[in-house]
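Trainee: curious how this folds, go ahead:
(chains A, B, C and D)
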Number of protein chains: 4
Amino acid sequence: MKANRMEAFSDGVLAIIITIMVLEFKVPEGHDWKDLIGLGPKIVSYIFSFAYVGIYWNNHHHLVHMVRTMSGRLMWLNLLLLFWLSLIPFTTAWMGESHFEAAPTALYALILLLASIAYWLFQRAIMKQHAGDSAFVMAMGKDWKGKLSPLLYLVAGLTAYISPWISGFFFVLVTVVWFVPDKRIERVLKDH
Amino acid sequence: MKANRMEAFSDGVLAIIITIMVLEFKVPEGHDWKDLIGLGPKIVSYIFSFAYVGIYWNNHHHLVHMVRTMSGRLMWLNLLLLFWLSLIPFTTAWMGESHFEAAPTALYALILLLASIAYWLFQRAIMKQHAGDSAFVMAMGKDWKGKLSPLLYLVAGLTAYISPWISGFFFVLVTVVWFVPDKRIERVLKDH
Amino acid sequence: MKANRMEAFSDGVLAIIITIMVLEFKVPEGHDWKDLIGLGPKIVSYIFSFAYVGIYWNNHHHLVHMVRTMSGRLMWLNLLLLFWLSLIPFTTAWMGESHFEAAPTALYALILLLASIAYWLFQRAIMKQHAGDSAFVMAMGKDWKGKLSPLLYLVAGLTAYISPWISGFFFVLVTVVWFVPDKRIERVLKDH
Amino acid sequence: MKANRMEAFSDGVLAIIITIMVLEFKVPEGHDWKDLIGLGPKIVSYIFSFAYVGIYWNNHHHLVHMVRTMSGRLMWLNLLLLFWLSLIPFTTAWMGESHFEAAPTALYALILLLASIAYWLFQRAIMKQHAGDSAFVMAMGKDWKGKLSPLLYLVAGLTAYISPWISGFFFVLVTVVWFVPDKRIERVLKDH
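Mentor: Next comes the predicted model:
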């Protein structure tokens, strides 16, 4: 029952994060198609962030269903995750407005990195509640996506100093990795 | 259980979309009734968008109740739908501010068109889960509103270059089509 | 089940309405207590609107529990109610910024009047579903608050042209009327 | 059932409060790391407020589960609590923008003090519903955190006139006090 409420609160926060980013699209002065061109980089960064928050929402919801008992620890780790995610609208806007300059792009990657670490800590705390359950641990142990993502964010942040296109490649890579659903895990959890 | 959460998240996003549009009504400088006149086109476009998001919310909620098993595919199609809908506050503001000039009105229609295509894909993915169920497929097959709407949005977008009044006529037509509830479908689903 | 979702969506919209009003409190230039003085009228109008939206939330939730079957009619009447309520942040800001001048105060009362009419229509549509149930109709028939409120809003709107203090008196009167819970109705509904 | 809806509405309001604070981080003009320096005090005050609202959300949710019957009194006390909490984004922004000057810091503490008093009244009203239940009353009677917090806010507000660092110390102290979960209460409630 308690995990339900953590879920509802997190859903609310994620829904607001994903939606208020659109407030950054200021209405352009002119009324022609060409007046939208300046919004290009903002829309690109919005698409990235929309996909990331969507991915987090989806995974968070799988994870919360695994919670056995709520605890202060879980509550704080969840808040930590939401804290980093709540900074995404700001970093999205800065990156878009700067047309993907090095520092804003690196900050964008840094916040995603910190969010993925918080997510990993949150997941680990939940896994401890299933310590004796080998099927669950095995399924979660295969979590190569969760381990790969922070690395990709780190590389995206560092390569921002070479070219935003290289960073962009790694940002896209993360979404592709998560886009393809990992059927094995789903299957193990279903058997479970 | 999982579809419930997709519903809750979508409800949250739709509730925020429908409400933050009102932030575009900047408080006028003066304090007289005539100072509200400038807000006229904004209010008209707000009423349209409020009705559209309301219609989407209502239909989305019927549709989600038909989900048998959640999948990555459904999750992404739902996010795609929410993505297009999340751009409505921006296009609403641009259209209103421009007093219904051609490009903003056409963009407004374009985003609604893309949303209706995403909705159609989402619906088709859910229908596949009911492939053997002829009553359901028949009821859904009669979905002439879902097929007519994208066409009306397309026409509204193109006629924006002739006159905003013609576009407006087609925008109103969509809401009228959806306003009248299709009792046959309700009945088939109820029997079902 | 369907009414549940209307409830959840309405809750979301009301929660956003009540909260985004606070975005109108622009951070003052100075950093002293006296710099807050300019916010006075805004805070007063915020308190009114917070109380009204709170009252609507509370009554809406009683009412929705009485819904027997959802219908397109109920859905649209609920959206109509939410539409008028969604304009409250704008009218609150305008009234506060104008220091309670006549037109903004009258508009504020007008929107509340339209919301209360929408609420009355919504309530009437639900009552029709309980047509044969005399205890329910009797309890609801005693709804003198619902009948008095539109009248008080009307008077508040008209007297705004004499003095904002008289309007304010009637605005306060509405909240007082609703503040004291009507125990008889609660009791009848409980027996029921 | 009724308390559920109060919970959902409060969750929504708290989720919005915690998220819209981030709208105060205006995108800096420049695109370099040093351009973020000006945001420092805003981020510090954001972290405080994020933690406080998170703590309130967590405790509120424990408390609401203790509600036996909803009443107008509970509804209004809950709204009073949400009212004070809804002012946190404003006081957070003012405190951050002023770089922790005396008046904004004292106002920040004052609003938290008023929220903690509203929380205490809300809690007391719920405790009255468990008047005959000694285990519950005992567990709640040990609520030294709830009694200590208003005092700490008061001291933080007063010491703002000496130095923001002293205020900051007391603000941190409140979060530390609440960070460590009070296991005794959890245990008593579990037995209960």
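
Trainee: ok, residue A:8 touching residue B:8?
Mentor: Yes. Assessed by C-beta atoms under 8 Å, residue A:8 is found in contact with residue B:8 at 6.9 Å. From N, CA and C alone the C-beta is placed, and that goes for glycine too.

Trainee: buried set for stretch A:44-57?
Mentor: A:44-46, A:48-57 (16 or more other C-beta atoms under 10 Å in any protein chain shown).

Trainee: where do the strands sit along chain A?
Mentor: Per DSSP state E, chain A carries no strands over any range.

Trainee: scan it for its longest helix.
Mentor: Criterion DSSP state H: the longest helix present in chain A is helix A:102-128.

Trainee: show the average pLDDT along it.
Mentor: Average pLDDT, helix A:102-128: 92.

Trainee: so how far is that helix from its chain's centroid?
Mentor: The chain centroid and the centroid of helix A:102-128 are separated by 8 Å under C-alpha atoms, centre = their mean, to the nearest Å.

Trainee: swap in stretch A:145-162?
Mentor: The chain centre lies 13 Å from the centre of stretch A:145-162; the measure is C-alpha atoms, centre = their mean.

Trainee: same check on stretch A:43-50?
Mentor: Distance of stretch A:43-50 from the chain centroid (C-alpha atoms, centre = their mean) equals 12 Å.

Trainee: so is it next to chain B?
Mentor: Yes. If you take C-beta under 8 Å from any C-beta of the partner chain as the test, stretch A:43-50 does meet chain B, through A:47, A:50.

Trainee: that stretch - what's its average pLDDT?
Mentor: Mean pLDDT, stretch A:43-50: 94.

Trainee: what lies in contact with it?
Mentor: For stretch A:43-50, contacts defined as C-beta atoms under 8 Å, 6 or more residues apart in numbering or on different chains pick out A:18, A:21-22, A:24-25, A:88-89, A:92-93, A:95-96, A:100, A:108, A:171, A:175, B:79, B:83, B:86.

Trainee: please apply the same query to stretch A:22-41.
Mentor: Contacts of stretch A:22-41 (C-beta under 8 Å, 6+ apart): A:42-43, A:46, A:89, A:92-93, A:95-97, A:99-100, B:20, B:23-24, B:86-87, B:89-90, B:93-94, B:97-98, B:101, B:103-104, B:107, D:23, D:27.

Trainee: what about it, start to end distance?
Mentor: 13 Å (C-alpha to C-alpha, to the nearest Å).

Trainee: buried residues in that stretch, which are they?
Mentor: A:22, A:23, A:24, A:25, A:27, A:28, A:31, A:35, A:36, A:39, A:41.

Trainee: mind checking how far the second one is from residue B:93?
Mentor: Right, the one you point to is residue A:23. Look at residue A:23 and residue B:93: by C-beta to C-beta, to the nearest Å, they are 10 Å apart.

Trainee: got it, and the fourth one?
Mentor: The gap separating residue A:25 from residue B:93 is 9 Å, by C-beta to C-beta.

Trainee: what's the burial count for the closest residue to residue A:158 other than its chain neighbours?
Mentor: Using C-beta to C-beta, 6 or more residues apart in numbering or on different chains and skipping the chain neighbours, the partner closest in space to residue A:158 is residue A:106 (7.5 Å). For residue A:106, the count of nearby residues is 20 (other C-beta atoms under 10 Å in any protein chain shown).

Trainee: confirm for me that residue A:106 is in contact with residue A:154.
Mentor: No. Distance between residue A:106 and residue A:154: 10.2 Å, which falls outside the contact criterion (C-beta under 8 Å).

Trainee: for the closest residue in space to residue A:58 that isn't next to it in sequence, give me its contacts.
Mentor: Distance criterion C-beta to C-beta, 6+ apart; nearest residue to residue A:58, sequence neighbours excluded, is residue B:75 at 5.3 Å. Residues counted as contacts of residue B:75 (C-beta under 8 Å, 6+ apart) are A:54, A:58, B:6.
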